[in-house]
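[1] dropping a prediction and its sequence here:
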Amino acid sequence: MLRKLLAHRPFRRLLPRTALAAAALTGFASALVVAAPAQAAVVCSVTYSVNDWGSGFTASVGITNTGDTANGWTLGFRFAGNQTITNGWNANWSQSGQAVTATNLDWNRTLGSASIGFNANYSGVNNAPTAFTVNGVACNGGPGGGNNAPTVSLTPPPSSTYQAPATIPLAASAADSDGTVSAVEFRSNGTLLATDTSAPYSYSWTNVPAGGYSLTAVAVDDDGARTTSTAVSVTVQGVGGPGRVDNPYLGAKVYVNPEWSAKAAAEPNGSKIANQPTGVWLDRIAAIQGTDRGFGLAEHLDAAIAQNAQLVQLVIYNLPGRDCAALASNGELGPTELPRYKSEYIDPIAAILARPAYANLRIVTVIEIDSLPNLITNVSGRPTMTPECDVMKANGNYVNGVGYALAKLGAVPNVYNYIDAGHHGWIGWDDNFAPTANLMYTAANASGSTAANVHGFIANTANYGVLKEQYYTINDSVGGASVRTSKWIDWNRYVDELTFAQAFRQQLVTSGFNSNIGMLIDTGRNGWGGAQRPTGPGPQTNVDTYVNGGRFDRRIHLGNWCNQSNAGIGERPTAAPAAGIDAYVWIKPPGESDGSSEAIPNDEGKGFDRMCDPTYTGNPRNGNNMSGALGGAPLSGHWFSAQFRQLLANAYPPLP
Ligand code: BGC
């Protein structure tokens, strides 16, 4: 027979939960023993019961003498811990260290029986004293008058590893050589789970969340003596435990960020997409705790649990010297501040993610947008060389920061790390493709990480690359000329994000990553619907007319990236949409700006990048074309209502 302690408190008064967990037991002595023959010898038994509230208790002590009448008596016992008597009644109480004596008052000097008591404080565990004497004579039996503590052993559960939510069968055997076992408690990490008062002692622990547990059984005998068994360790894996699932998105309800959702819903027609999951960007240290601008990380995770969501998408975005090739998303940490990145940013995030309360969430972490590719494409030797990227390449802080993030976050068994892989309009050229994959492998093995910490990669985060061109492929030619010679494609190997992501996955495996890595594609803003969407192939006058007439991607140049005019919402988030693709996701929350269209003073470290200025005529990175940016844009990450409305209007697939 067993009882869950919270439901039933079988052998003691109702007490607050905390008191119950820490409390000593009420022991009722039963065995009477005849003390060695002596003149005027008492034969005594003592009961000792407590009402315990966790840091203090009231003890009631009953003394019964069935031997020679004692005319004057002294009770002696020792506390097991740091109990300190504050006051007592019906006796003169004194304490020296753990030793306690209580001497009769005048009116109760003749011992038949006496009821006395005291109040005491304690910390830690409040075990009952196990040996009492009256006038030097041991009470309650046992060798030397003491009580033998019970013996107990916890039967190891059938397995040491379970899958959350787990049911773990617990069983124990217990015995008492000089009395009876009154109860066996089952405890996890010291906390009481249940009490069973009769053999066979057992308890079925159900709904156990992911985590590590040290299990013990505590036997309590009829004198209140307690014995704790050897501990048995059990691990309960979350859905993403060491047995992480291959595709975390499969079958998982994804967290809808209520903050983004509210902004979306407040826009005309916004409710059509306001219930979609979007990324939660931890874009500065203050975002971990939350700021006046928003929820902290734990609040998001709590909200996810409240939504019954199973998957949360976080963006890890705060590298030292962030956004080295641009200005709009420069961050708070200077190029050399790797130690702060580790201790003030990654460590606190990892600590929150590791909380047992979140062990059942699949936590997707998108690691450091735009960082590693910049070290390939925007450094010395390239026409787009940017001194800031040379600095980050030379000091190693991108590579080591990414490695550290992967190692720390990857140590949390339900975290799924996806490294940002740029997009086809960046990494799709031969010069960039394999070197970027190789650098990612280097980073995945930096700072104590290994490639096993990488679950996959994400393409097109916060970019506008179309998912799938339909009216031409990279293998097409016009009049004998490959479309790769067109101005738009400009020798790239890929025409869209789907073909790029699938091919880059293969390259990453070639570069050393596990063959089961999966890709994500950010489809939040790559829909390119609306009136300008081509309805057939372009005219085959030449490669340019063919490509420009047929392409869905309406950007002025493939290198344009800031608040692009005429973009639309893309594919809705979908799990396992294509081979090698774990999901289409919305990591950049649609409606949040890529950067301000003019300089705006701010305390977020963000600069003004002219690629966000609609009047800018460009630079070598975008072939000296117009920026194509929408005007009136706020700082990156801030709500840009006009853009959101345009994204809705140009959604493809169209919104219902
Ligand atoms: C900004 C971040 C923002 C994110 C999502 C980035 O461009 O730099 O501050 O959280 O976009 O909108």
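    Perfect, thanks for sending it. Numbers count the residues shown, from 1 in each chain.
[2] rest of the way, CA atoms for contacts and neighbours
    Noted.
[3] any low-confidence regions in the stretch 251-400 of the chain?
    For the stretch 251-400 of the chain, applying pLDDT under 70 flags the ranges 292-293.
[4] wait, what's in contact with the residue of it found nearest the ligand?
    The minimum distance from the stretch 251-400 of the chain to the ligand, using CA to the nearest ligand atom, falls at residue 329 (4.0 Å). Going by CA atoms under 8 Å, 6 or more residues apart in numbering, residue 329 touches 322-323, 594-595, 605-607, 636.
[5] mind doing that once more with 10 Å?
    283, 317-318, 322-323, 594-596, 604-609, 635-637 (CA atoms under 10 Å, 6 or more residues apart in numbering).
[6] select only the buried ones of those in ChimeraX?
    Entered in ChimeraX, the line below selects the buried ones among the contacts of residue 329, by 16 or more other CA atoms under 10 Å:
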select :283,317,318,322,323,594,595,596,605,606,607,608,609,635,636,637
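[7] just the contacts of residue 329 that are near the ligand?
    Counting by CA under 6 Å from any ligand atom, the subset of these that neighbours the ligand consists of 283, 594, 636-637.
[8] now, the most widely separated pair of those residues?
    By the measure CA to CA, 283 and 594 form the most distant pair in these, at 13.1 Å.
[9] which neighbours do the two have in common?
    Listed as contacting both residue 283 and residue 594 by CA under 10 Å, 6+ apart are 329, 637.
[10] so what are the domain limits for this structure?
    Listed by automatic domain parsing, the domain ranges of the chain are 31-138, 151-224+231-242, 258-309+317-474+494-537+556-649.
[11] of those, which is nearest residue 248?
    So among the domains of the chain, domain 258-309+317-474+494-537+556-649 is nearest, using CA to CA, at 6.7 Å.
[12] can you list the domains of the chain in JSON lines and add distance to residue 488?
    Below are the domains of the chain laid out as JSON lines (distance: least, CA to CA, whole Å):
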{"stretch": "domain 31-138", "distance to residue 488": "72"}
{"stretch": "domain 151-224+231-242", "distance to residue 488": "42"}
{"stretch": "domain 258-309+317-474+494-537+556-649", "distance to residue 488": "7"}
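[13] so which of those comes closest to residue 487?
    Closest among these, using CA to CA: domain 258-309+317-474+494-537+556-649, at 9.0 Å.
[14] got the residues of the stretch 201-350 of the chain near the ligand?
    Contact residues (CA under 6 Å from any ligand atom) of the stretch 201-350 of the chain with the ligand: 281, 283, 329.
[15] the second one: what's it in contact with?
    Pointing back at residue 283 there. 315-319, 329, 331-332, 345, 368, 604, 637.
[16] farthest-separated two in the residues you listed?
    345 and 637 (18.8 Å).
[17] and residue 154, which of the three is it?
    Per DSSP: H, G, I helix; E, B strand; the rest coil, the local secondary structure of residue 154 is strand.
[18] quick check: pLDDT value at it.
    Per-residue pLDDT puts residue 154 at 95.
[19] give me the neighbour count for it.
    Using other CA atoms under 10 Å, residue 154 has 22 neighbouring residues.
[20] in stretch 443-450, what's buried?
    443-447, 449-450.
[21] what does stretch 340-349 give?
    340-342, 345-349.
[22] please apply the same query to stretch 258-268.
    Buried-residue list, stretch 258-268, by 16+ other CA under 10 Å: 258, 260-261, 263-264, 267.
[23] which two among the residues you listed are spaced furthest apart?
    258 and 267 (14.5 Å).
[24] apart from its chain neighbours, what residue comes closest to residue 433?
    Leaving aside its chain neighbours, residue 433 sits nearest to residue 427 (5.1 Å; criterion: CA to CA, 6 or more residues apart in numbering).
[25] I misspoke; the intended subject was residue 75.
    residue 134 is the one closest to residue 75 (CA to CA, 6+ apart), at 4.6 Å.
[26] would you check that the one you found makes contact with residue 67?
    No: when contacts are counted by CA atoms under 10 Å, residue 134 is not listed as touching residue 67 (11.2 Å).
[27] which one of those two is surrounded by more residues?
    Neighbours were counted for residue 134 and for residue 67 using other CA under 10 Å; residue 134 has more, 26 against 16.
[28] any idea how far apart the tips of stretch 192-202 sit?
    14 Å (CA to CA, to the nearest Å).
[29] quick one: pLDDT of the spatially closest residue to residue 460 that is not a sequence neighbour?
    Distances taken as CA to CA, 6+ apart put residue 423 closest to residue 460, at 4.6 Å, once the chain neighbours are dropped. We note a pLDDT of 98 for residue 423 in this prediction.
[30] contacts only, for residue 423.
    370, 373, 458-466, 494, 496-498, 500-501, 504, 521-522.
[31] tell me what residue 191 is bridged to.
    Legend: beta-bridge partners of residue 191 under DSSP bridges are residue 188.
[32] closest approach to the ligand from this protein, which residue is it?
    residue 637 (3.5 Å).
[33] just checking, that residue touches residue 593?
    Yes: counting by CA under 10 Å, residue 637 sits close enough to residue 593 to count as a contact (5.2 Å).
[34] what sits in contact with each of the two?
    Joint contacts of residue 637 and residue 593 (CA under 10 Å, 6+ apart) are residue 328.
[35] which of the buried residues of stretch 340-349 fall within helices?
    Counted as lying in helices by DSSP state H, out of the buried residues of stretch 340-349, are 340, 347-349.
[36] format these as a markdown table; extra columns: distance to residue 359.
    Converted to a markdown table, those look like this (distance: CA to CA, whole Å):
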| residue | distance to residue 359 |
| --- | --- |
| 340 | 26 |
| 347 | 17 |
| 348 | 16 |
| 349 | 14 |
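[37] thanks a lot, catch you later.
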